[in-house]
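Student: here are the coordinates; sequence isn't available:
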């Protein structure tokens, strides 16, 4: 069994709380700092009640120490640099070296003590989204507690009263701090590890940023018009794939801390919604879906049997949420011949590229971009450009993926005769069907009918 220190060797550095007194620091649990943006395989719990750990997509779970039967965690709120995808980094605020912060995993009935050290330039707090706890531990600055001032450490302590899927985030200067990436996932496992057991349990948050091309810091005053849509502050092709064994029962838990809803869609399988903000859904209340809409502030857990081998897309079904660095003021030029204009422009701007005349496909086009900016749609698959970005990843189902193995198995090798292909023969002639009792299209001209329309006045009689 790996120790907590072994698990973080090479990927994280253990540091003390640098902004508290030496006497105070001696009593605090370690504060691991994660530097890697890769998915960290979950270690088994080193002590306390047993549970089946989750896999945080492009993230990790926070270690704890046991202190007289209490699980103690240490979160540090601080500025971080998050790699959104190779080629782009963002100056964010987060916890313990990353945004989102580490996932906290506990067991139903655990007494939990969380130390929160503030290394931000302003006060903060933490709200434990969806938890049952004493009112004074709810984390609302000014209402249930004073703000945690820069350089100070606060302690939250409560019992994890119900199993389920939760989040944590500030309720202090929330518009700024959430827009800068301050959030994290929380999972409370059932007391009995056999309850709601699955073979693979993935978790991640939905978040969004407004980062101007060529810049590094989000515009925090944006409310609706975001241009970077992410799974756990990563965009495709920088999002890791979810790698499972054929026949596994798979759970995917997602929390939405963006400013809009997200219809999350899975290809190749049906699933059931087995968990919501309020806990586990009753089996008799479930039905099969391929898309579930996750509203602002909601959590959803979906489950399915991964019985179809292949590389299956998993994404938000809002098309502009599967793009990167979007531009909203681009005119539609489909059908417009602008070759003459383009020739004149290229004399002034040699890198100018004609776009939109035949559609919006980025395909394999390459164009100059500002530093620290990603193409709108990028990522290569085995057959060429995937033309996706943002909230998109791949569920990889394989027969030979061993239990507990989360490594990427590479691209799927399709059995012969199972890939769509180009037809090389002659195209069949179009056939127009005649309907019984009717006639072939186009129909004969109908006789002219004069209709008198009376427009209503006012709203009399409307209720």
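Tutor: In hand now; what should we look at? Note that the structure is a prediction, hence the values are computed from the model and not measured. Numbers count the residues shown, from 1 in each chain.

Student: residue 88 reaches residue 373, doesn't it?
Tutor: Yes. Between residue 88 and residue 373 there is a contact at 6.4 Å, judged by C-beta atoms under 8 Å. Where you see a C-beta, it was placed from the backbone N, CA and C, and this is true even at glycine.

Student: what comes up buried for stretch 66-81?
Tutor: Buried residues in stretch 66-81, counting neighbours by 16 or more other C-beta atoms under 10 Å, are found at 71, 72, 73, 74, 75, 76, 77, 78, 80.

Student: with neighbour numbers in mind, choose between residue 88 and residue 373.
Tutor: Neighbour tally, residue 88 and residue 373, criterion other C-beta atoms under 10 Å: the higher count belongs to residue 88, 21 against 17.

Student: tell me the bridge partners for the more buried one.
Tutor: Beta bridges link residue 88 to residue 85, judged by DSSP bridges.

Student: quick one: residue 42 from residue 203, how far?
Tutor: According to C-beta to C-beta, to the nearest Å, residue 42 stands 10 Å off from residue 203.

Student: over to residue 44?
Tutor: Noted for residue 44: a distance of 17 Å to residue 203, by C-beta to C-beta.

Student: the more surrounded of these two?
Tutor: Taking other C-beta under 10 Å, residue 44 and residue 203 do not tie; residue 203 has more neighbours (24 against 12).

Student: for the more buried one, what are its contacts?
Tutor: Contacts for residue 203 (C-beta atoms under 8 Å, 6 or more residues apart in numbering) come out as 54, 55, 56, 57, 103, 165, 185, 187, 252, 253, 254.

Student: host element of it?
Tutor: Counting by DSSP states H and E, the element that carries residue 203 is strand 200-209.

Student: so after that strand, what's the next helix or strand?
Tutor: Heading C-terminal from strand 200-209 (DSSP H and E), you reach strand 228-231.

Student: what is that next one packed up against?
Tutor: Secondary-structure packing of strand 228-231 (3 or more C-beta pairs under 8 Å, 6 or more residues apart in numbering; DSSP states H and E): strand 200-209.

Student: quick one on the thing from earlier: partner strands of the strand holding residue 203, parallel or antiparallel?
Tutor: Short version: by DSSP bridges, strand 200-209 pairs with strand 55-56 (parallel), strand 228-231 (antiparallel), strand 249-256 (parallel).

Student: look up how far residue 392 lies from the nearest residue to residue 120 once chain neighbours are set aside.
Tutor: Excluding the flanking residues, the one nearest residue 120 by C-beta to C-beta, 6 or more residues apart in numbering is residue 77, at 5.4 Å. Residue 77 is 30 Å from residue 392, where distance means C-beta to C-beta.

Student: for the nearest residue to residue 106 once chain neighbours are set aside, give me its contacts.
Tutor: Distances taken as C-beta to C-beta, 6+ apart place residue 160 nearest to residue 106, at 4.7 Å, with adjacent residues excluded. By C-beta under 8 Å, 6+ apart, the contact list for residue 160 reads 106, 107, 108, 109, 110, 112, 131, 188.
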